[in-house]
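K.L.:
Structure for this input, please:
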Amino acid sequence: MSPRPGKQQAIVEAATEVFLAQGYAGTSIDQIAARAAVSKPTVYAHFAGKETLFAAIVALTVDEAADPVHAEVAALRDTGDVEADLRDLARRQLAMVMRPRLLRLRRLVIGEAGRFPELGRLFAERGPARTIADLAAAFRGLTERGLLAADDADLAAAHFNWLVMSVPLNRAMLTGDDAPLPAAELRRYADEGVRVFLAAYGA
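P.N.:
Numbering: from 1, shown residues only. Next up is the predicted model:
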């Protein structure tokens, strides 16, 4: 008899909690099965092993954060107010990236990058690299419309991304502090990042 479809979601949710609490090395399939209230064979019926399950969690979590940003960046191409729309995008993007669960996963992936470099690549490609590529495409369109002056759109996209989030994100990564920052502080980082970006790339 095949496992019920809802069990896969239960396994993923349980595994995410255990991985983030215990780390990769400290997590076992037995712990995940117990937390999900399923048998160990049921876990293996859905996932080949711990590494496969961890990779699935990385992909799902990053896509959950990146998909809304992707849609918002695509809409940016039709903007009539570059400064206001960039500011709104920056605020939402920073709030998403600074969620405690995503911060813990990012830290865990970085810690395991030596053993599992493919997971680091997966996180980068589906997260920051995807966002920067989307921004670059939008900035090319805005430059063609005369609303930005970004001759190197790829570099401009990277500048925008890290002007907005480098300070709070690096602090969280290096200190292990996952406590949510006050909304006013996040807005300040986002708004100042946009201000500096437009000082360099504004038409």
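
K.L.:
pLDDT score for residue 66?
P.N.:
Each residue has a pLDDT score; the one for residue 66 is 82.

K.L.:
Hmm, I typed the wrong one, I wanted residue 5.
P.N.:
49.

K.L.:
for residue 1, same thing?
P.N.:
Residue 1 is given a pLDDT of 34.

K.L.:
What of the one 10 residues further on?
P.N.:
With respect to pLDDT, residue 11 has a value of 93.

K.L.:
Now do the contacts for residue 191.
P.N.:
Neighbouring residues of residue 191 by Cβ atoms under 8 Å, 6 or more residues apart in numbering: 87, 90-91. No exception for glycine: its C-beta is placed from N, CA and C like everyone else's.

K.L.:
mind listing what residue 147 touches?
P.N.:
When contacts are taken as Cβ under 8 Å, 6+ apart, residue 147 is in contact with 79, 82, 203.

K.L.:
what do you get for residue 29?
P.N.:
Residue 29 neighbours (Cβ under 8 Å, 6+ apart): 40, 43-44, 49-50.

K.L.:
Same check on residue 28?
P.N.:
residue 50.

K.L.:
Counting by contacts, list what the longest helix belonging to the chain packs against.
P.N.:
Longest among the helix segments of the chain by residue count, using DSSP state H, is helix 50-76. Under the contact criterion of 3 or more Cβ pairs under 8 Å, 6 or more residues apart in numbering; DSSP states H and E, helix 50-76 touches helix 6-22, helix 82-97, helix 100-112, helix 117-126, helix 128-144.

K.L.:
Show me what counts as buried in it.
P.N.:
Residues 50, 53-59, 61-62, 65-66, 69, 72-73, 76 are the ones in helix 50-76 that count as buried (16 or more other Cβ atoms under 10 Å).

K.L.:
Please apply the same query to stretch 135-154.
P.N.:
Buried, per 16+ other Cβ under 10 Å, within stretch 135-154: 135-143, 147-148, 150, 153.

K.L.:
before we move on, what about stretch 191-203?
P.N.:
Quick answer for stretch 191-203 (16+ other Cβ under 10 Å): 191, 193-194, 197-198, 201.
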